[in-house]
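1. Next one to model:
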Amino acid sequence: MGRYIVRRILWGVLLLIVVAALMFVFFRILPTGDPAKLRAGRTASAKLLSEIRHDLGLDKPLLTQFWEFMKELFLHFKLGYSYYSSAPVTELIKNRLPATISLVAGGALIWLLSGVTVGIISAIRRRTVLDRASMGTALVLVSAPEYWLGLIALYFFAADIGKVHVFPGAGTYVGLSSDPGKWFTSLILPWLVVAASNAAIYARLMRGSLIDVMGEDYIRTARAKGLRERRVIVRHGVRSAINPIVTIFGLDIGVLLGSAILVETVFNIPGIGRLNYDAITHADFPIVQGTVLAAALFIVCANIVVDIAYAYLDPRVRYS
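-> I've put the predicted structure just below:
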């Protein structure tokens, strides 16, 4: 197991290097505009633009720029400076990360617990009214875009504009360190919106997987031994059926940490997704580059955790 973990980490580092190289090439070669004009303004003099290009290192050969970029990234963990505000990109991402983690962690907990629970109940009570109702609701939620759900939720439940004032803090994010109570109330509605479609997908996937597993020979053997039905379902059925859930859960967490742009924009949450949106609107490519690398890091780490979890959840999986 130790060798496998080390090998996966090394492959993850290699993947991050490839992503960083591709981002550098895209933003240096493609016609994305002049960063000096973005920082100095459209009416700046040629002399000022030349000085800014020199400060940014844009007047150096492309290979030299690439080497300096990779050296700063992997030796000093620096992602350069914003073209628009001149702020360090690493600090901007660091300041926005707690809000995104708060959104993703709460939403992930809700969609995992609710999705798996509904999926198990539907699999055990299949073809009943409860099964049909839960799967029908899941299909509706899967089809509903997150930004649409967010706008509808704000319209009906937010304090200032909603028809029913159930979630008074929605639309006004408060940091955890500032006020834990207001932090919680400000994120309840975003959590539910993030969890809605994901929980529906997990419920349908868990139902199908558990139905297949409950027809296996070892399930019949466990029942023949006289084990209680609840233990057969939880100990033998769910443990095997949950592997697909673990796979997509790790990927969903990694992707959402790097791209929660729609929900953060709708609910005015100052996270990484909102930072990326603002950077795109201002053509601030160092920030876009930094957020893409952050998303790649989240996904790589999530994949490593998922692969390790397999060995503990499924006794049939062994790593050498």
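
2. where in the stretch 1-150 of the chain is pLDDT low?
-> Within the stretch 1-150 of the chain, the stretches with pLDDT under 70 are 1, 29-44, 56.

3. Which stretches in it count as helices?
-> 2-29, 35-40, 46-56, 62-76, 89-124, 129-143, 146-157 (DSSP state H, counting those that start in this stretch).

4. now do the stretch 151-300 of the chain
-> So, for the stretch 151-300 of the chain - with DSSP H, counting those that start in this stretch - the helices run 180-213, 217-224, 229-231, 239-241, 243-259, 261-266, 272-281, 285-313.

5. Output the contacting helices and strands for the fourth one.
-> To tie it back to what came earlier, the one meant is helix 239-241. helix 180-213 (3 or more CB pairs under 8 Å, 6 or more residues apart in numbering; DSSP states H and E). Glycine gets a C-beta too; all of them are placed from N, C-alpha and C.

6. I'd like the mean pLDDT over the helix it packs on, please.
-> Regarding helix 180-213, the rounded mean pLDDT is 85.

7. Same question for that helix: list its buried residues.
-> Buried residues in helix 180-213, counting neighbours by 16 or more other CB atoms under 10 Å, are found at 182-183, 185-207, 209-211, 213.

8. returning to that earlier point: export the helices of the stretch 151-300 of the chain to a markdown table and tack on distance to residue 154?
-> Shown next, in a markdown table, are the helices of the stretch 151-300 of the chain (distance: least, CB to CB, whole Å):
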| stretch | distance to residue 154 |
| --- | --- |
| helix 180-213 | 7 |
| helix 217-224 | 46 |
| helix 229-231 | 41 |
| helix 239-241 | 36 |
| helix 243-259 | 20 |
| helix 261-266 | 7 |
| helix 272-281 | 16 |
| helix 285-313 | 25 |
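
9. what's the closest of those helices to residue 11?
-> Residue 11 lies closest to helix 285-313 among the helices of the stretch 151-300 of the chain, at 8.5 Å (CB to CB).

10. Now do that closest one and helix 272-281, the angle between them.
-> 150 degrees (axes from the mean of the first three to the mean of the last three CA atoms, to 10 degrees).

11. State the mean pLDDT of helix 285-313.
-> For helix 285-313, mean pLDDT rounds to 80.

12. List the buried residues in stretch 295-305.
-> For stretch 295-305, by 16+ other CB under 10 Å, it's 295-304.

13. from the middle of its chain, how far away would it be?
-> Chain-centre distance of stretch 295-305: 10 Å, with CA atoms, centre = their mean, to the nearest Å.

14. Name the surrounding residues that touch that stretch.
-> Contact partners of stretch 295-305, identified using CB atoms under 8 Å, 6 or more residues apart in numbering, comprise 5, 8-9, 12, 15-16, 19, 250-251, 253-255, 257-259.
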